[in-house]
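**Student:** please find the sequence and the predicted model below.
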Amino acid sequence: MKQKTAIQEFLKGLWDENPVLVSLLGLCPTLAVTVSAINGLAMGLAATFVLLCSAFLVSLLRKVIPNQVRIASYIVIIATFVTIADRFLAAYTPDISKALGPFIPLIIVNCIILGRMEAFASKNGIGRSLLDALGMGAGFTLTLLVLSSIREILGSGTWFGMQLMWPSFAAWKVMVLPPGAFLTLGCMIAAANWINTRRRS
Amino acid sequence: MSNTAKIIIVLTAITLISGAVLALLDSYTRPKIESYRKIQENNAIAEVLPENDRIKEIVQDGYVFYEAYRKNELVGVAFQISGGGYQSELVLMLGVSPDFSRITGLKILSQVETPGLGTKIEKDESNKQDPGWFINQFKGLRTLPSITYVKNAAPSRETEIQAITGATVSSKAVVDILNTHIKKAKAARNIE
């Protein structure tokens, strides 16, 4: 396989290997927290922060950590950064922290993060690992932002809390409920697959 | 160095450093989180009690009562109560008259109910004039013999509130929590 250039390393997370739309990873927080755009954005940024910090450390320590305990070590490293993110959100943005509830602590078991550590950061240098993490984090954040924007606009008639739809617009309640998450994500994955199939042929 | 020794040393070092970092972080964020919680609580207490010039905190039978005085006369009592909602624990701050016969105010401290349905107990986005209509109904409500709710109709009795359409369980949960805790708290304060 040909070595990717730095920019390709970053871009692959946005579309070609998008963690949600292509790899279908991290679906639990994706479906659960995307009831409003601000929640989606906060979740994406928190996960990106954890992804970046963990990728840096795992890549730095990749020759030190013995193979047998690598997963345990990754989990401790990831959990440390997740707790940092969680406490900071609770201290500085209590409302977002309240809205995201248990899903911030659950970033620990987000398979996007553990997956990138195991598949990438543990085998590549710090620079490449950071680019990979940044790309994956950006892909995750953007996907969550689009998904949560669609759900908030249709389900509540607002975007980032601002009134967007006309006053008589009847909000589609189902969009802020769990079925709305599945419907919207399904449509987004279908659209991504359709675009990819057409691009290839 | 044998591999086993390396495993032990590396894993121990990682967890030790992690623990130290988190302990340091906690000492920094804990006061902030705590002070935010305290502000929320004090705002809620002030909101559910009638006008007063002094609030006294006393603990009786597991309840923390915040007694409001105006010119040394007891005008109301506030306390925190909680119970199960539709899918989350509801934490409420309740204010009542000194004899517990009337509610002086009710505020929701925390809830994670169904977005757009159960969350209306705190804030109903679809009611532009009065998003807090549900929770505000409790102000001035009589508590005896017990609080009840009606569906799809305006309340007709002094002890009645209107439930939220599509969120009867959450509405009923609030009423149940109130009835249970008013009774218990009265016993704690030795009120007949």
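**Tutor:** Yes, it's here. Residues are numbered from 1 along each chain as shown, chains lettered A, B, ... in the order given.
**Student:** tell me which residues in the helix or strand of chain B with the lowest mean pLDDT are buried?
**Tutor:** Taking mean pLDDT, DSSP states H and E as the measure, chain B has strand B:54-60 as its least confident helix or strand, at a mean of 89. For strand B:54-60, burial by neighbour count (16 or more other CB atoms under 10 Å in any protein chain shown) applies to no residue. Bear in mind the C-beta positions are built from the backbone N, C-alpha and C, glycine included.
**Student:** cool, and stretch B:39-54?
**Tutor:** Neighbour counts over stretch B:39-54 (16+ other CB under 10 Å) mark B:41, B:44-46, B:48-49, B:52 as buried.
**Student:** so what strands line up beside the helix or strand hosting residue B:81?
**Tutor:** Under DSSP states H and E, the secondary-structure element containing residue B:81 is strand B:73-84. Strand B:73-84 sits in its sheet next to strand B:63-70 (antiparallel), strand B:89-96 (antiparallel), going by DSSP bridges.
**Student:** deepest of these, which one?
**Tutor:** strand B:89-96 (a mean of 22; mean count of other CB atoms under 10 Å in any protein chain shown).
**Student:** mind checking which of the buried residues of stretch B:39-54 land in helices?
**Tutor:** B:41, B:44-46, B:48 (DSSP state H).
**Student:** and the residues you listed, which is closest to chain A?
**Tutor:** For those, the closest approach to chain A (CB to the nearest CB) belongs to residue B:41, at 12.7 Å.
**Student:** for chain A, which residues are neighbours of chain B?
**Tutor:** Taking CB under 8 Å from any CB of the partner chain as the contact definition, chain A meets chain B at A:35, A:61, A:64-66, A:68-69, A:72-73, A:76-77, A:79-80, A:83-84, A:87-88, A:90-92, A:94, A:98, A:101, A:155-156, A:158, A:171, A:173, A:176-177.
**Student:** quick revisit: CA atoms only: put the least confident helix or strand of chain B into CSV for me.
**Tutor:** Provided in CSV are the C-alpha atoms of strand B:54-60 (Å, rounded to 0.1, in the frame of the first residue of the first chain):
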residue,chain,number,x,y,z
ARG,B,54,-34.3,35.7,56.4
ILE,B,55,-33.9,32.0,55.5
LYS,B,56,-32.9,29.4,58.2
GLU,B,57,-31.7,26.0,57.4
ILE,B,58,-32.7,23.1,59.7
VAL,B,59,-32.4,19.3,59.4
GLN,B,60,-35.3,17.2,60.6
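**Student:** distance from the chain centre to that strand, please.
**Tutor:** Chain-centre distance of strand B:54-60: 17 Å, with CA atoms, centre = their mean, to the nearest Å.
**Student:** quick one: contacts of it?
**Tutor:** With CB atoms under 8 Å, 6 or more residues apart in numbering or on different chains as the contact definition, strand B:54-60 has outside contacts at B:45, B:49, B:64-70, B:188-189.
**Student:** farthest-apart pair in these, please.
**Tutor:** Put simply, by CB to CB the two of those set farthest apart are B:70 and B:188, 23.1 Å from each other.
**Student:** tell me the centre residue of the chain?
**Tutor:** Since you didn't name a chain, this refers to chain A. The centroid of chain A falls nearest to residue A:140 when counting by CA atoms, centre = their mean (3.3 Å).
**Student:** you'd agree that one is in a strand?
**Tutor:** No: under DSSP: H, G, I helix; E, B strand; the rest coil, residue A:140 falls outside any strand and is assigned helix.
**Student:** residue A:48 is in contact with that one, correct?
**Tutor:** Yes: the criterion here is CB atoms under 8 Å, and residue A:140 meets it with residue A:48 at 6.8 Å.
**Student:** and what about the residue lying farthest from the centre of chain A, helix, strand or coil?
**Tutor:** Distance from the centre of chain A peaks at residue A:168, with 34.1 Å (CA atoms, centre = their mean). Of the three states, residue A:168 takes coil under three-state DSSP.
**Student:** any idea how far residue A:181 is from it?
**Tutor:** 26 Å (CB to CB, to the nearest Å).
**Student:** which SSE is residue A:42 in?
**Tutor:** Assessed by DSSP H and E, residue A:42 sits inside helix A:37-60.
**Student:** can you check residue B:154 too?
**Tutor:** Assigned by DSSP H and E, residue B:154 belongs to no helix or strand.
**Student:** and it, how far is that from residue B:174?
**Tutor:** Plainly put, residue B:154 is 18 Å away from residue B:174 if you go by CB to CB.
**Student:** on that earlier part again, list the contacts for the residue nearest to the centre of chain A?
**Tutor:** Taking CB under 8 Å, 6+ apart, one finds A:13, A:19-20, A:26, A:44, A:47-48, A:51, A:112 in contact with residue A:140.
**Student:** please report how far it lies from residue A:116.
**Tutor:** 10 Å.
**Student:** what does residue B:132 give?
**Tutor:** On the measure of CB to CB, residue B:132 and residue A:116 end up 44 Å apart.
**Student:** same check, this time on residue B:188
**Tutor:** Applying CB to CB, the value for residue B:188 to residue A:116 is 54 Å.
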